[in-house]
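Asker: Just need the structure, nothing else, for what follows:
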Amino acid sequence: MALTNLVLLILMLFAPIAVVAKHLAWGDTVIFITSAIAIIPLSIWLSTATEKIAVVTGPTVGGLVNAVFGNAVELIIALVALRKGLVDIVEASITGSIISALLLLLGLAMLSGGLRYKEQSFKPIVAKVNGSSMTLAVISLALPTTVIVTSNIIDGTAIRNISVIISVLLIIVYGLTLLFSLGTHSYLYDIGLADEADPLDETKQASAKLWFWLGILLVSTIAIAFVSDLFVDVIESETERWGLSALFTGVIMIPLLSDVAGYVTVVRLALKDKMDLAVSTATGDSLLIALFVAPVLILVGQAIGQPIDLNFNPFEVIAIAVSVIVANLISFGGRSNWLDGALLLATYIALGVAFYYHPV
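Answerer: Next up is the predicted model:
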């Protein structure tokens, strides 16, 4: 058994430990730590299953699988938190996931790859199309906040209506980007779905492998939902005990935990000099959050009676805008080095410090 798989199996033991801690009342701290650790291997298995299914099913179906499950962990945790009424944390996690993808994921890829190779190249079209779509998303996400800041009267109904309409619009735009990248202009994105092709040659073997990974996908998704419920139950009390605000928890802590699989993936791809895939993964994650996950959370929140909308803290809007601008400036050239990665990571750390000290 590979060392990586052995480590993942050991970490998965924390899932039943978290369940036992809950039933035996070992305390919120134990539940928080064990459930948080359990989410890490489960998210990696979910990501691996998504990648393998994408390879077996081909570019079009595989691209759709990646689009749907690419940020499943973040969506599951956010939905669980939303159901429990943690609206502030959910709204902040939207901001944090976008910032994390643009600065942390992309920064890790460029830094790790740049330390092994003097300079790396990738197709600028991926960064340009995703960058343009992200710019639209930032403008759209900022509109409700702008309306409030520039108005003397805050109409809650109007803000909710704006948020719902923009959410529907963003989902449509995301559908158009999928049509562009997987359909009409798929030749521009001829970079593959994974860093290694599936070695299976026979149809029977491929089918058996597909069902295996579908099973892993289903089991890991259910397990993440269950463990996330334990994690979210105690996150508010634990973070308050540690002196962390809901803003910092949502923007920094949750994305750091939920996207561990993304960090592993982009670093692995960069070290193999597959920067096309690394950049596509990082920018695609940010796009998925902004154009699909965030709108879905808004619509679900309205449906279940939780008052979530796109009325972000003005500093969150500024942070997203800064992230998009910096990521676009660095990635539009189609070449990267270790300094580019360091600059992206420095920007992320600076924003993290600002969110930590931001007054509630």
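Asker: for this structure, where's the lowest mean pLDDT among helices and strands?
Answerer: helix 59-69 (a mean of 64; mean pLDDT, DSSP states H and E).
Asker: Downstream of that helix, the next helix or strand is which one?
Answerer: Going down the chain from helix 59-69, the next helix or strand is helix 72-83, by DSSP states H and E.
Asker: Please tell me how far the next helix or strand after that following helix is from the chain's geometric centre.
Answerer: Following helix 72-83 in sequence order, the next helix or strand is helix 87-99 (DSSP H and E). Helix 87-99 sits 10 Å away from the centroid of its parent chain (C-alpha atoms, centre = their mean, to the nearest Å).
Asker: Pull out the buried residues from the following helix or strand past helix 87-99.
Answerer: Sequence-wise, the next helix or strand downstream of helix 87-99 (DSSP H and E) is helix 106-116. Within helix 106-116, the residues that count as buried by 16 or more other C-beta atoms under 10 Å are L106, G107, L108, A109, M110, L111, S112, G113, G114. Where C-beta positions appear, they are placed from N, C-alpha and C, glycine not excepted.
Asker: what about helix 106-116, distance to the chain center?
Answerer: Its chain's average C-alpha position is 19 Å from that of helix 106-116, according to C-alpha atoms, centre = their mean.
Asker: contacting residues around that helix?
Answerer: Residues outside helix 106-116 that contact it (C-beta atoms under 8 Å, 6 or more residues apart in numbering): 120, 263, 266-267, 269-271, 273, 275, 278-279, 281-283, 327, 330-331, 336-345, 347-348.
Asker: mind running it again at 7 Å?
Answerer: 120, 263, 266-267, 269-271, 273, 275, 278-279, 282, 327, 331, 336-338, 340-342, 344-345, 348 (C-beta atoms under 7 Å, 6 or more residues apart in numbering).
Asker: Between helix 87-99 and whichever strand or helix holds V232, find me the angle.
Answerer: V232 is part of helix 203-241, with elements assigned from DSSP H and E. On the basis of axes from the mean of the first three to the mean of the last three C-alpha atoms, to 10 degrees, helix 203-241 is oriented at 130 degrees to helix 87-99.
Asker: Next one: the nearest residue in space to G262 that is not next to it in sequence from I44, what distance?
Answerer: Closest residue to G262 apart from its sequence neighbours, by C-beta to C-beta, 6 or more residues apart in numbering: L105 at 5.5 Å. Distance of L105 to I44, given as C-beta to C-beta, to the nearest Å: 15 Å.
Asker: again, but for L179
Answerer: 30 Å.
Asker: cool, A261 as well?
Answerer: A261 sits 4 Å away from I44, going by C-beta to C-beta.
Asker: what sits against the residue nearest to G262?
Answerer: Counted by C-beta under 7 Å, 6+ apart, L105 has contacts G262, Y263, V266, A282, D285.
Asker: Now, of those, which are buried?
Answerer: G262, Y263, V266, A282, D285.
Asker: which one of those sits closest to G96?
Answerer: Nearest to G96 among the buried ones among the contacts of L105 is D285, at 12.2 Å by C-beta to C-beta.
Asker: in which helix or strand would I find that closest one?
Answerer: Following DSSP H and E, the helix or strand that holds D285 is helix 275-288.
Asker: Could you name the helices and strands sitting against that helix?
Answerer: Secondary-structure packing of helix 275-288 (3 or more C-beta pairs under 7 Å, 6 or more residues apart in numbering; DSSP states H and E): helix 106-116, helix 124-149, helix 260-271.
Asker: Any figure for the gap between G114 and S121?
Answerer: From G114 across to S121, the span is 12 Å (C-beta to C-beta).
Asker: scratch that, L214
Answerer: Taking C-beta to C-beta, one finds L214 at 35 Å from S121.
Asker: And the two? Which one has more around it.
Answerer: Between L214 and S121, counted using other C-beta atoms under 10 Å, the more crowded position is L214 (16 against 13).
Asker: Just the pLDDT for the more buried one.
Answerer: Note for L214: predicted pLDDT of 85.
Asker: Make residue 1 into 200 and carry on from there
Answerer: Let's use 200 as the start, then, which means that last one is L413.
Asker: Now do the same contact list for the closest residue in space to it that isn't next to it in sequence.
Answerer: Take L413 and drop its neighbours on the chain: the residue closest to it by C-beta to C-beta, 6+ apart is I252, 6.5 Å away. The contact partners of I252, taken as C-beta under 7 Å, 6+ apart, are G261, V264, L409, W412, L413, L416.
Asker: ok and the host helix or strand of I252 relative to helix 459-470, angle-wise?
Answerer: Per DSSP H and E, I252 falls inside helix 227-256. Orientation of helix 227-256 against helix 459-470 (the same axes, to 10 degrees) gives an angle of 50 degrees.
Asker: Mind listing what's buried along helix 227-256?
Answerer: Across helix 227-256, burial judged by 16+ other C-beta under 10 Å covers 227, 229-256.
Asker: State the mean pLDDT of it.
Answerer: 86.
Asker: Can you tell me how far the closest residue to V255 other than its chain neighbours is from A422?
Answerer: Once flanking residues are discounted, V255 sits nearest to L409: 4.6 Å by C-beta to C-beta, 6+ apart. Per C-beta to C-beta, L409 is found 20 Å from A422.
Asker: T546 now?
Answerer: As judged by C-beta to C-beta, T546 and A422 stand 34 Å apart.
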